[in-house]
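Sequence and predicted structure, then a few things I'm wondering about:
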Amino acid sequence: MASGSRNEERWKERNGYHPGTMVGTQGRGFRIIKPEMCYFCFDVLYCHLYNLQPPQVPSFCNENYPLFVTWKIGKDQKLRGCIGTFNEMHLHQGLREYAVTSAMKDSRFSPVSREEFPSLHVSVSILCHFEDGADYTDWDLGTHGIRIEFNNERGSKKTATFLPEVPTAQGWDKVQTIDSLLRK
């Protein structure tokens, strides 16, 4: 499937895309996130589900960034899979890998089926500008993602992550968000 595919048109319609929309920016003032990244994720998953040759190399930049791919399903956009990495990856390979991994291998869900494909929504999160917080409240709801690392009662190292949109979508304040991360 190539750019300009039916999936691309459906994605635009479903997600209210309008040309020129600023989807995400990086500190230097240019856009990293491009709608084509979401189209590419749909094309990759489609090819995987139907055992087709993978899509061609995309035209967006191929710089290295940590990234997450999130799949949601239906009109209510229930979470269907979300996996990513904090390790920097070339965007082309990272999106190719995590489009499939998040749809097929998120342990919270069964693998996405062909029948579900038309009802899917996808978002891509490119992570940048990591910094340690002074304390558990040193971040802004809806702006910053949050990652915690801690040792549980058995001494095992645990990590948990929420992307910036998760707490506000759940209606949580900062304390509820931290509590949810600890239970995750």
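Structure received.

Verify the contact between residue 70 and residue 125 for me.
Yes. Counting by Cβ atoms under 8 Å, residue 70 touches residue 125, with 6.9 Å between them. Backbone N, C-alpha and C define where each C-beta goes, glycine included.

what is in contact with those two at once?
residue 163 (Cβ atoms under 8 Å, 6 or more residues apart in numbering).

if you count what's nearby, which of those two comes out ahead?
Between residue 70 and residue 125, counting by other Cβ atoms under 10 Å, residue 70 is the more crowded of the two (24 against 18).

Next up, the contacts around that one.
By Cβ under 8 Å, 6+ apart, the contact list for residue 70 reads 79, 81-82, 102, 122-125, 163.

again, only using 10 Å
41, 77, 79-84, 98, 102-103, 106, 121-125, 163, 165-166 (Cβ atoms under 10 Å, 6 or more residues apart in numbering).

Tell me which entries of the residues you listed lie within helices.
Counting by DSSP state H, the part of these found in helices is 41, 98, 102-103, 165-166.

Could you point out which of the residues you listed is nearest to residue 134?
Residue 134 lies nearest to residue 166 out of those, by Cβ to Cβ, at 21.6 Å.

a markdown table for the ones in helices among the contacts of residue 70, including distance to residue 61 and neighbour count?
Converted to a markdown table, the ones in helices among the contacts of residue 70 look like this (distance: Cβ to Cβ, whole Å; neighbours: other Cβ atoms under 10 Å):
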| residue | distance to residue 61 | neighbour count |
| --- | --- | --- |
| 41 | 16 | 28 |
| 98 | 17 | 24 |
| 102 | 21 | 23 |
| 103 | 23 | 28 |
| 165 | 23 | 15 |
| 166 | 26 | 20 |
